[in-house]
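J.: Need a 3D model of the sequence below.
(one chain, ligands or ions: 2)
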Amino acid sequence: MFATLRVSAASAAAALRPLARSLAELVWPPRCAGCREPTDAEPFCAVCAGALLAVSSGCVRCGLPGPDAACSACLASPPAFAAVRAGGLYGGPLADAVHAFKYGDRPALARPLGAWLAGRVALPECAAIASVPLGRRRRIDRGYDQAALLADELASAAGRGSDRLRGALLRIRETPPQVGRGRPERVRNVRGAFWASGAVEGREVALVDDVVTTGATADAAARALLDAGAVRVTIVALARAE
Ligand SMILES: [Zn+2]
Ligand SMILES: [Zn+2]
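T.: Ligands and ions are numbered 1, 2, ... in the order given. As a prediction, the model looks like this:
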């Protein structure tokens, strides 16, 4: 009986979380996604905006910072996606923002970050806008799917709401977090973890994620989209990690 009570208290707390979150957002002023100081210019205050690292040059396929040519990993084994377009390099205020958005229970950052990304990255014309989905368990634990929220806000800020394609890509297998793993292990970890519906058939797809690190997750997700008949997949992310 006590166990039952504990479980219902936990689910009641989970149910109240979105309410508490919206009340907090009404009361608190907008805060910088990097340093959390109050700011009128979301997502970044002037100091953090000045400290962002731009993507200057990199691998034409996976976006790995370096010369503007295919990197050795892409030459040896080309990824399923055609290119990566990222708002900035992972680090400094952008890393803090991505971390707060993913792990800091701040889903409301989707709107300013989506608008910021829309101003920095051109979406491929006519492409359907999908997102790399979380597994069911992680979505329940976190209370939201950050890449899906980001894709919603990016599409709307770019005036491409009608191209937003929800639910066409699913994670059919829960995978352990990629953090702290090397590339070969990441590749094995996510192989076959995604499934895409026929809604992408014949379409180019802009696949939205928060951060691209080795590209292993993006590659597995893009492969599922191509298997379902998508003609080309471009990854669009807030940040590209080195
Ligand atoms: Zn700041
Ligand atoms: Zn590459």
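J.: Enumerate the residues of the protein near ligand 1.
T.: By CB under 5 Å from the ion, the residues of the chain that approach ligand 1 are 32, 34-35, 45, 48. The way it works is simple: take the backbone N, C-alpha and C, and place the C-beta from them, glycine included.
J.: Make TSV out of those and add pLDDT, secondary structure and neighbour count.
T.: Formatted as TSV, the residues of the chain next to ligand 1 follow (pLDDT from 0 to 100; DSSP: H, G, I helix; E, B strand; the rest coil; neighbours: other CB atoms under 10 Å):
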residue	pLDDT	secondary structure	neighbour count
32	95	coil	23
34	95	coil	24
35	95	coil	15
45	96	coil	22
48	97	helix	22
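J.: which among the residues you listed gets closest to residue 145?
T.: residue 34 (22.5 Å; CB to CB).
J.: Is that closest one in contact with residue 88, as I believe?
T.: No. Using CB atoms under 8 Å, residue 34 is not in contact with residue 88, being 11.2 Å away.
J.: got any residues that touch both of these two?
T.: residue 94 (CB atoms under 8 Å, 6 or more residues apart in numbering).
J.: How about the contacts made by the nearest residue to residue 39 once chain neighbours are set aside?
T.: Excluding its sequence neighbours, the residue lying closest to residue 39 (CB to CB, 6 or more residues apart in numbering) is residue 45, at 4.0 Å. Neighbour list for residue 45: 32, 34-35, 37, 39 [criterion: CB under 8 Å, 6+ apart].
J.: can you check residue 101 too?
T.: Applying CB under 8 Å, 6+ apart, we find residue 101 in contact with 33, 107, 109-110, 113, 146, 150, 210, 238.
J.: and if you look at residue 33?
T.: Counted by CB under 8 Å, 6+ apart, residue 33 has contacts 42-44, 48, 93, 96-97, 100-101, 106, 109, 112-113.
J.: which one of the residues you listed sits closest to residue 126?
T.: The closest of the contacts of residue 33, once distances to residue 126 are taken by CB to CB, is residue 113, at 23.9 Å.
J.: Tell me, how many residues neighbour the closest one?
T.: Number of residues near residue 113 (other CB atoms under 10 Å) recorded here: 29.
J.: measure the nearest residue in space to residue 35 that is not next to it in sequence to residue 78 for me?
T.: Leaving aside its sequence neighbours, residue 35 sits nearest to residue 48 (CB to CB, 6+ apart; 5.6 Å). Residue 48 sits 36 Å away from residue 78 when distances are taken as CB to CB, to the nearest Å.
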